[in-house]
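A.B. asks: A predicted structure for the sequence below; I have some questions about it.
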Amino acid sequence: MKKIISLLMCIILVMGCVFAATGCTKKEDLKTDIVLITDGRTVKDGGYNQSAWEGISSYADENSLKCSYYQPVLDEAGNIVTDNIEKYVELASENGAKFVVLASEKFAVSAYEIASSYPDINFILLNSMPHSADSEVDALIQNVMSIQFDALQSGFLAGYISVMNGNTELGYFGQFDSKNSANYGAGFVQGAAYASDSLGVPATVDWADYDSALIDYNYNFNITACYEKIEDQDEKTFTVKVENGQGSGTYTEGSNVTITADTAPVGQEFDKWVVKSDTEGVKDKKVNISSKTKSSMNLLVEKCDCTITATYKDIEGSYNTVTVMDAEGKETVSVQTVTENGNCTVKAPAAPQYMVFDHWESSFADAIENAESSETKVNVTNQDIVMTPVYVVSETPAFYVTVETGEGGEGTSTGSGSYLTGDFAEISAAVPKEGYMFSHWENKDAYGLGTGIAMANEYYPVTSFTMVDRYAAVCDRMFNHGASTIFTAGNDQAESVFTSRGHFDYNLNVVTAGENNGDAYTTIVNNYGEAIKDCLANFKGGSLFLGNCQNEDIYASFVSDNDDVKAKYDEVYKALADGKIQLVAAEGGAGYDFCQYFNTNKMSKCLTLNGIFLEGISLPQE
């Protein structure tokens with residue numbers, strides 16, 4: 001353990017100082033009173049790590065104390081490992097720390113498991129309460145003080161500012177499975193109603209939780225290969241037949257077509273392309289291909305029909321095979337022949353619905369360069385290799401895409417599968433029926449709306465796209481229906497609102513809460529630094545500190561350009577701080593229940609709340 005701690009001391013940041021390559025800092029210089037353990041980001045992240053560090057540094061300066069910070073190394077999935085955190089806490093303890101600040105809810109389990117072993121250290125936990133790994137039930141621990149922020153008051157300020165600045169058609173994009181999100185939304189509705197009623201101006205709020213089963217929104221979509229009759233073409237067309245490969249079709253003159261050879265039979269490798277003109281009077285050499293020796297090349301369609309054939313030759317010397325099986329290990333997906341000591345690239349089939357690729361399994365795992373990548377290189381020495389992809393249920397939202405063949409096509413179009421946001425997907429259209437030619441790709445969701453994906457070439461039968469954030473579709477609906485401002489907070493998919501805003505050309509507002517967001521119209525900022533200073537000055541173990549208007553631990557990054565609005569905002573802020581404005585919480589953390597309560601009790605004269613999930617129906621078509 002001493003060796004581990006010594007190593008850690010030489011690689012982490014302490015008091016903003018990086019250890020020199022020539023050796024470690026003297027032990028007496030490492031003595032510290034307050035330690036911040038970041039969430040893996042730096043103390044200059046512009047977010048809560050920076051705010052926390054600024055508050056700790058300020059408190060230390062004011063009280064002649066020493067402070068330091070540790071920045072943990074994260075695992076491959078970007079998570080903090082509890083065992084590693086305990087090493088940092090032990091290091092802090094050995095250096096005399098009296099306070100350890102844990103920078104985010106990522107430490108909730110660590111605080112639960114570690115704190116009681118260090119009774120001489122006072123722990124401050126941001127944005128969460130301690131809980132066990134297998135339970136979300138909050139625990140009170142004698143030497144842990146938790147910091148949370150008043151979601152109701154933050155939401156209220158967001159709604160009030162939005163309406164006071166002239167935005168009367170609003171949306172709230174929330175998360176059903178989040179008490180925090182429900183209360184941000186409840187506060188937002190009440191703040192917007194307070195402003196609407198005081199001005200006597202009608203306003204609306206559309207509320208939708210992206211993960212609510214009551215919305216039953218279908219985020220999946222179809223991509224359809226579309227065809228048209230050749231006789232309907234204004235331009236002259238030419239037929240390309242590709243044997244032992246892909247690229248067959250009917251094309252207009254000047255089309256640039258990618259031709260790809262099929263995988264070579266076992267024991268063979270691609271040799272060359274053989275081209276033949278099928279138009280009388282046009283010589284074979286007039287068939288314009290970019291390469292005869294590359295297995296994937298381009299054809300520039302000129303004034304002739306043609307047949308292009310991929311040919312193969314026997315491999316000289318020893319060879320082995322690399323076989324990719326389906327997820328059940330029963331059917332062969334592909335077989336590649338590789339010369340001895342050679343390599344090839346394999347790619348896993350698209351994941352089944354609601355699942356994602358996890359890793360490859362093989363009896364020759366050492367041959368796989370990256371077993372956790374769906375596309376990887378395989379190095380072959382002198383053995384046949386069989387690989388089976390393993391898929392798991394996705395913890396990150398995955399969306400299913402169905403690639404289908406439209407009228408005029410014959411066979412199956414490929415590329416269907418489950419994709420995560422940012423995944424690269426390849427699709428291929430079925431060959432046209434006689435008398436038809438491929439026209440273009442269409443993509444629509446279950447409601448007949450476009451999906452926002454951008455294809456590399458929507459007019460080519462073999463193309464690709466990058467999977468987009470489909471949760472943005474809910475925000476698209478709000479913007480389409482006139483909302484000028486959408487508020488999101490306490491929401492795992494909050495970034496979807498910004499994605500949606502990017503789909504529109506006109507000026508729309510996004511309001512956030514928590515970390516200051518420079519892309520937002522305004523953010524109701526959680527002032528982590530000031531809240532930590534309050535807790536350091538008056539530590540109470542086994543308790544919850546609530547940052548709110550009373551202790552000025554929340555504030556708006558932007559209020560208004562109008563001095564009158566600013567003055568009214570100050571009055572409302574003080575009224576919240578003094579308890580003169582009482583807010584209704586979302587009971588049990590359910591936004592659905594709050595929406596019903598708001599409408600049943602007619603809580604506003606001028607504001608209409610349209611809880612999209614109130615009637616338990618799917619979102620309507622445009």
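C.D. replies: Looks like it came in fine. Numbers count the residues shown, from 1 in each chain.
A.B. asks: Would you mark the buried spots in stretch 257-266?
C.D. replies: 257, 258, 259, 261, 264 (16 or more other C-beta atoms under 10 Å). Glycine gets a C-beta too; all of them are placed from N, C-alpha and C.
A.B. asks: Quick one, grab the pLDDT at the first one.
C.D. replies: In this case it means residue 257. On the pLDDT scale, residue 257 is placed at 90.
A.B. asks: quick one on the thing from earlier: relative to residue 395, which of the buried residues of stretch 257-266 is nearest.
C.D. replies: Set against residue 395, the nearest of the buried residues of stretch 257-266 by C-beta to C-beta is residue 258 (35.9 Å).
A.B. asks: What's opposite that closest one in the beta bridge?
C.D. replies: In this entry, residue 258 is beta-bridged to residue 298, by DSSP bridges.
A.B. asks: what are the ranges of the strands in the stretch 351-500 of the chain?
C.D. replies: Ranges of strands in the stretch 351-500 of the chain, per DSSP state E, counting those that start in this stretch, are 355-361, 375-379, 385-393, 398-405, 409-410, 417-420, 424-428, 431-432, 436-445, 462-466, 485-488.
A.B. asks: And for the stretch 51-200 of the chain?
C.D. replies: For the stretch 51-200 of the chain, strands defined by DSSP E, counting those that start in this stretch occupy the ranges 67-70, 99-102, 122-126, 144-149, 169-174.
A.B. asks: Not counting its own residues, what contacts the last one?
C.D. replies: For strand 169-174, contacts defined as C-beta atoms under 8 Å, 6 or more residues apart in numbering pick out 159, 162-163, 181-182, 184-185, 188-189, 192, 203-210, 474-475, 478-479, 482-488, 490-491, 494, 496-497, 591.
A.B. asks: hey, where'd the helices end up in the protein?
C.D. replies: Assigned by DSSP state H, the helices in the chain fall at 2-11, 48-62, 82-94, 108-114, 151-164, 179-199, 472-480, 495-501, 528-537, 563-577, 591-600.
A.B. asks: Can you find the helix or strand in the chain with the smallest mean pLDDT?
C.D. replies: helix 2-11 (a mean of 40; mean pLDDT, DSSP states H and E).
A.B. asks: Can you select the buried ones from the contacts of strand 169-174 in ChimeraX?
C.D. replies: Selection of buried members from those for ChimeraX, criterion 16+ other C-beta under 10 Å:
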select :159,162,163,181,182,184,185,188,189,192,203,204,205,206,207,208,209,210,474,475,478,479,483,484,485,486,487,488,490,491,494,496,497,591
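A.B. asks: just to revisit the earlier point, looking at the strands of the stretch 51-200 of the chain, which is closest to residue 525?
C.D. replies: Checking those against residue 525 by C-beta to C-beta gives strand 144-149 as the closest, at 9.4 Å.
A.B. asks: and the closest one with helix 528-537, angle?
C.D. replies: Interaxial angle, strand 144-149 versus helix 528-537 (axes from the mean of the first three to the mean of the last three C-alpha atoms, to 10 degrees): 150 degrees.
A.B. asks: Partner strands of strand 144-149 and their direction?
C.D. replies: Strand pairing (DSSP bridges) places strand 144-149 next to strand 122-126 (parallel), strand 543-547 (parallel).
A.B. asks: ok, how many other residues are close to residue 332?
C.D. replies: By the criterion of other C-beta atoms under 10 Å, residue 332 has 11 neighbours.
A.B. asks: can you check residue 217 too?
C.D. replies: 23.
A.B. asks: Tell me the pLDDT of the closest residue in space to residue 325 that isn't next to it in sequence.
C.D. replies: In space, not counting the residues next to it along the chain, residue 325 is nearest to residue 388; the distance is 4.6 Å by C-beta to C-beta, 6 or more residues apart in numbering. Looking at residue 388, its pLDDT is 96.
A.B. asks: can you tell me which residues contact residue 388?
C.D. replies: 324, 325, 326, 327, 329, 360, 361, 362.
A.B. asks: Which of the residues you listed sits closest to residue 72?
C.D. replies: Of the contacts of residue 388, the one sitting nearest to residue 72 (C-beta to C-beta) turns out to be residue 360, at 29.0 Å.
A.B. asks: Show me the beta-bridge partners of that closest one.
C.D. replies: On the basis of DSSP bridges, residue 360 is bridged to residue 389.
A.B. asks: Off-centre distance for stretch 176-188?
C.D. replies: In terms of C-alpha atoms, centre = their mean, to the nearest Å, the centre of stretch 176-188 is set 20 Å apart from its chain centre.
A.B. asks: Mind exporting the C-alpha coordinates of it to PDB?
C.D. replies: Output of stretch 176-188 as PDB, limited to C-alpha atoms (Å, rounded to 0.1, in the frame of the first residue of the first chain):
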ATOM      1  CA  PHE A 176     -39.500  11.200 -15.700                       C
ATOM      2  CA  ASP A 177     -37.200   9.100 -13.500                       C
ATOM      3  CA  SER A 178     -35.700  12.000 -11.700                       C
ATOM      4  CA  LYS A 179     -37.100  13.800  -8.600                       C
ATOM      5  CA  ASN A 180     -34.700  16.700  -9.300                       C
ATOM      6  CA  SER A 181     -35.900  17.100 -12.800                       C
ATOM      7  CA  ALA A 182     -39.600  17.100 -11.700                       C
ATOM      8  CA  ASN A 183     -38.900  19.800  -9.200                       C
ATOM      9  CA  TYR A 184     -37.000  22.000 -11.700                       C
ATOM     10  CA  GLY A 185     -40.000  21.700 -14.000                       C
ATOM     11  CA  ALA A 186     -42.500  22.400 -11.200                       C
ATOM     12  CA  GLY A 187     -40.600  25.500 -10.200                       C
ATOM     13  CA  PHE A 188     -40.300  26.600 -13.900                       C
END
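A.B. asks: Just the residues contacting that stretch, thanks.
C.D. replies: For stretch 176-188, the surrounding residues in contact (C-beta under 8 Å, 6+ apart) are 151-159, 170, 172, 174-175, 205, 207, 209-214, 487, 489-492, 513, 583-586, 588-592, 594, 598.
A.B. asks: Also stretch 270-279?
C.D. replies: Stretch 270-279 has contacts (C-beta under 8 Å, 6+ apart) with 238-239, 241, 259, 261, 264, 283-284, 286-287, 289, 291-293, 295, 297, 303-313.
A.B. asks: How confident was the prediction at residue 323?
C.D. replies: The predicted structure scores residue 323 at 95 on the pLDDT scale.
A.B. asks: That should have said residue 181, apologies.
C.D. replies: pLDDT for residue 181: 92.
A.B. asks: What sits closest to it if chain neighbours are left out?
C.D. replies: residue 490 (3.6 Å).
A.B. asks: what residues are up against that neighbour?
C.D. replies: Residue 490 neighbours (C-beta under 8 Å, 6+ apart): 151, 174, 175, 178, 180, 181, 182, 183, 184, 513, 514.
A.B. asks: neighbours around residue 500, how many?
C.D. replies: The number of residues packed near residue 500 is 26, by other C-beta under 10 Å.
A.B. asks: Surely it touches residue 472?
C.D. replies: Yes - contact status for residue 500 versus residue 472: in contact at 4.0 Å, counting by C-beta atoms under 8 Å.
A.B. asks: how close does the closest residue to residue 85 other than its chain neighbours get to residue 141?
C.D. replies: Distances taken as C-beta to C-beta, 6+ apart put residue 110 closest to residue 85, at 4.4 Å, once the chain neighbours are dropped. Distance of residue 110 to residue 141, given as C-beta to C-beta, to the nearest Å: 12 Å.
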